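# One predicted model, sequence on top.
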Amino acid sequence: MFAHAVGRGASMPAMSPSTERRRQARHEVRLATMITPNGTQHDATVLNLSRGGACVALSNDWTPGDGAPLKLLFQMDNDESIVVEAHVARIAVDHMGLAFDPGQATRIRDLLERTLPH
């Protein structure tokens, strides 16, 4: 299962409310996922999720280009998977910000409902 909490991952620096410019509420998580740029798979850790995107820890074996299209594969407990298409919105030293592509509201809602605590 890929969509499960993992014990390790890069930590995000806290932002003050005055510098926070997000349109969607972020939910801190530690989820394992597979990212597939151009068909090549990379293990990754999602650090936070929102309806608009995700923050993902950068791996040592791959760094994407700004604006690169990606697919994120989340394997659920029941062997079902949720695939979300996104693109790289920003790259930092140890993480990247992804913006989910339009037209996936149902998949994103399902992902949030199934991975966030209630």
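On my side now, so go ahead. Residues are numbered from 1 along each chain as shown.

# which stretches of this structure aren't confidently modelled?
Across the chain, the ranges flagged by pLDDT under 70 are 1-24, 118.

# what about the helices in it?
Under the criterion DSSP state H, the chain carries helices at the ranges 105-115.

# now the spatially most central residue of it: how far from residue 28?
Averaging the C-alpha coordinates of the chain gives a centre point, and the residue nearest to it by CA atoms, centre = their mean is residue 54 (3.6 Å). In this structure, residue 54 and residue 28 are separated by 11 Å, where distance is defined by CB to CB, to the nearest Å. Every C-beta, even on glycine, is put in place using the N, C-alpha and C of the backbone.

# For those two, list the residues in contact with both.
Common contacts of residue 54 and residue 28, defined by CB atoms under 8 Å, 6 or more residues apart in numbering, comprise 47, 48.

# number of nearby residues for the closest residue to residue 109 other than its chain neighbours?
Across the structure, with CB to CB, 6 or more residues apart in numbering as the measure, the residue nearest residue 109 apart from its sequence neighbours is residue 51 (7.5 Å). The tally of other residues near residue 51 (other CB atoms under 10 Å) stands at 16.
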